[in-house]
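K.L.:
Turn this into a model:
(2 chains)
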Amino acid sequence: MNYLSNKLNEEKTKFLIPLLLLPVWLILYLNLENLTNFLIYEIVNLSKGAHLTDAVWFFVFEVPKVLLLLTLIVFGVGIIRSYFSPERTRKMLGGKKLFAGNVSASLLGIVTPFCSCSAIPLFLGFVESGVPLGVTFSFLIAAPMINEVALVLLFGLFGWKTALLYMTTGLLIAMISGYIIGRLKLERYVEPWVYEVKAGHLEMEEEQISFSERITAGIDAVKEIVSKVWIYIVIGIAVGAGIHGYVPENFMASLMGKSAWWSVPIAVMLGVPMYSNAAGIIPIVQALLEKGASLGTVLAFMMSVIGLSFPEAIILKKVLKLQLIFVFVGVVAVGIIVVGYVFNLIY
Amino acid sequence: MLNIKVLGPGCTNCVTLEKLCNEAVAENGLEAEIEKVTDYKDIMSYGIMSTPGLVINGKVVLSGKLPTKSTLSHWLMNALATQ
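P.N.:
Numbers count the residues shown, from 1 in each chain, chains lettered A, B, ... in the order given. Take a look at the predicted model:
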């Protein structure tokens, strides 16, 4: 009884917290530029126009801006994700054929809670319940590559167009790569024991989640993700602010600029074995873009680091034969290279 | 005597969940046997698709996230009451 009444009280406060914080967030966000100006020019009294002042201004303005955006988006995504679960996603993908299945799997990859440590149970669960291999791959490609942290950072630092382009092209890569893998009929390269797995019937009752519990899910997501990535954001912006004006503007242009046609494949080849989460890669992305590397090359690098990785391949080795892992990495890498070139052409 | 199974291949959250279970059992003075299930085939036999999973007396109560300790204790007490 005590437990229940405690729960009820908790619920009331749960609603209040975000409701009260939202206006605070808005006021802060809208006045951030004025606040920064006030702090830099009035209180600390730095002289306008100096290199150092610019760098400090950039840092003081960008760090809270990106953190504010991140908090809001992660909270929202946390609530959206509480409507999806891998189990429900599997049900939705059940009868889907290729292509339509690839499209839905890629989209569901964005909203379904996913952690790379769950990749194997997820793979087993999908395959066992008859989701086609290619459709399963669309999901496994989209889920890590397109995530809210990457999108917020791209949006906050490089604008909404970049974020949208990243999301659309990431989706396209997931859809098309999954479709190709499906068409190649590579089922024989899945470890045989996978098909022997008999998944039990899950008896956990589809719990009715109240809206306040969804808010809790949002708050938990903020706690978990922001506490993990804030340090990378601070470092990334510090790098951006630090090299601004101190390293020659076109330092990277000859190596990773548009005119260097080889830069895209090389960026992808470097990126594939590397692994980092979306936040960890941002400092590098910042630095490269700032110094004249072209957007397509940098995004291709970022996608290959986040979306493909050596540790992930090792995890997948438990369920896939080497040939299929090579096809998977190869198809996705080619997709990323194409995207890199397209971006370089457009911009 | 409660039977608790922590399902997971050994990721961070799985280790944390096991620790949480130990704590909850100790704090409530319960008698329980805590098992770790790490084999994927066995994990799948419970029908979950994200780890960690938690099974109390043969019933899956959670998958894919960590419970708070109070929720966990609540489940344990419930399982004990319906035993």
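K.L.:
For chain A, give me the ranges with low pLDDT.
P.N.:
By pLDDT under 70, the low-scoring segments of chain A are A:1-14, A:201-208, A:244-255, A:258.
K.L.:
what does it put close to chain B?
P.N.:
Residues of chain A lying near chain B by Cβ under 8 Å from any Cβ of the partner chain: A:3, A:85-87, A:90, A:113-115, A:117-118, A:120-122, A:124-126, A:128, A:193, A:196-204, A:318. Heads up, the C-betas are built off the backbone N, CA and C, glycines and all.
K.L.:
From those residues, which land in strands?
P.N.:
Among the residues of chain A next to chain B, none falls in strands (DSSP state E).
K.L.:
Buried among these? Make that a ChimeraX selection.
P.N.:
Selection of the buried residues among the residues of chain A next to chain B in ChimeraX, burial being defined by 16 or more other Cβ atoms under 10 Å in any protein chain shown:
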select /A:85,86,87,90,113,114,115,117,118,120,121,122,124,125,126,128,197,199,202,204
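K.L.:
The residue lying closest to residue A:36 once chain neighbours are set aside: how many residues sit nearby?
P.N.:
Setting aside the residues directly before and after it, residue A:36 is nearest to residue A:61 in space (Cβ to Cβ, 6 or more residues apart in numbering or on different chains), at 4.3 Å. Residues lying near residue A:61 (other Cβ atoms under 10 Å in any protein chain shown) number 19.
K.L.:
Quick check: buried residues in the host helix or strand of residue A:61?
P.N.:
Element membership of residue A:61, judged by DSSP states H and E, is helix A:51-81. Neighbour-count burial for helix A:51-81 flags A:54-63, A:65-75, A:77-81 (criterion: 16+ other Cβ under 10 Å).
K.L.:
Compute the distance between residue B:34 and chain A, please.
P.N.:
Separation of residue B:34 from chain A (Cβ to the nearest Cβ, to the nearest Å) stands at 19 Å.
K.L.:
OK, contacts around that residue?
P.N.:
B:4-6, B:18, B:21-22, B:25 (Cβ atoms under 8 Å, 6 or more residues apart in numbering or on different chains).
K.L.:
out of those, which are inside helices?
P.N.:
Members of the contacts of residue B:34 lying in helices (criterion: DSSP state H): B:18, B:21-22, B:25.
K.L.:
from these, which single one is nearest residue B:61?
P.N.:
Minimum distance to residue B:61 across these is 11.3 Å, recorded for residue B:21 (Cβ to Cβ).
K.L.:
How much space separates that closest one from residue A:117?
P.N.:
According to Cβ to Cβ, to the nearest Å, residue B:21 and residue A:117 sit 18 Å apart.
K.L.:
export the ones in helices among the contacts of residue B:34 to a markdown table and tack on pLDDT and distance to residue B:44?
P.N.:
A markdown table is the format used below for the ones in helices among the contacts of residue B:34 (pLDDT from 0 to 100; distance: Cβ to Cβ, whole Å):
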| residue | pLDDT | distance to residue B:44 |
| --- | --- | --- |
| B:18 | 92 | 19 |
| B:21 | 93 | 21 |
| B:22 | 92 | 25 |
| B:25 | 91 | 26 |
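K.L.:
between those, which is nearest residue A:158?
P.N.:
residue B:18 (41.9 Å).
K.L.:
and the gap between that closest one and residue B:12?
P.N.:
To residue B:12, residue B:18 is 11 Å away according to Cβ to Cβ.
K.L.:
With neighbour numbers in mind, choose between these two.
P.N.:
Neighbour count, other Cβ under 10 Å: between residue B:18 and residue B:12, residue B:18 has more, with 19 against 12.
K.L.:
hang on, isn't that one packed against residue B:38?
P.N.:
No. At 10.9 Å, residue B:18 and residue B:38 do not qualify as touching, with contact defined as Cβ atoms under 8 Å.
K.L.:
Next, count neighbours for residue A:180.
P.N.:
Per other Cβ under 10 Å, the neighbour tally for residue A:180 reads 19.
K.L.:
Check the secondary structure at the residue minimising distance to the centre of chain B for me.
P.N.:
Centroid-nearest residue in chain B, with Cα atoms, centre = their mean: residue B:54, separated by 3.3 Å. Following DSSP: H, G, I helix; E, B strand; the rest coil, we place residue B:54 in the strand state.
K.L.:
Residues of chain B that sit close to chain A?
P.N.:
B:9, B:11-13, B:40-41, B:43-51, B:59-65, B:70, B:74.
K.L.:
just checking, which of those belong to strands?
P.N.:
Those of these lying in strands (DSSP E): B:59-63.
K.L.:
got the phi/psi numbers for residue A:48?
P.N.:
Phi and psi for residue A:48, reported as degrees, to the nearest 10, are phi -60, psi 140.
K.L.:
Which residues are in contact with it?
P.N.:
By Cβ under 8 Å, 6+ apart, the contact set of residue A:48 is residue A:41.
K.L.:
what's the answer for the one 4 residues further on, then?
P.N.:
Contacts for residue A:52 were tallied using Cβ under 8 Å, 6+ apart; they are residue A:46.
K.L.:
Can you give me the distance of it to chain B?
P.N.:
Residue A:52 is 41 Å from chain B, by Cβ to the nearest Cβ.
K.L.:
Wait, residue A:72 touches residue A:24, no?
P.N.:
No. With contact defined as Cβ under 8 Å, residue A:72 does not reach residue A:24; the gap is 11.4 Å.
K.L.:
Residues in contact with both of the two, list them for me.
P.N.:
Joint contacts of residue A:72 and residue A:24 (Cβ under 8 Å, 6+ apart) do not exist.
K.L.:
now, among the ones in strands among the residues of chain B next to chain A, which is nearest to residue A:155?
P.N.:
Residue A:155 has its nearest neighbour among those in residue B:63, at 31.7 Å by Cβ to Cβ.
K.L.:
quick one: contacts for the closest one?
P.N.:
A:204, B:7, B:48-54.
K.L.:
Closest one to residue B:82 out of those, please.
P.N.:
residue A:204 (15.4 Å).
K.L.:
separation between the spatially most central residue of chain A and chain B?
P.N.:
Most central in chain A under Cα atoms, centre = their mean is residue A:147, positioned 2.4 Å from the mean C-alpha point. To chain B, residue A:147 is 16 Å away according to Cβ to the nearest Cβ.
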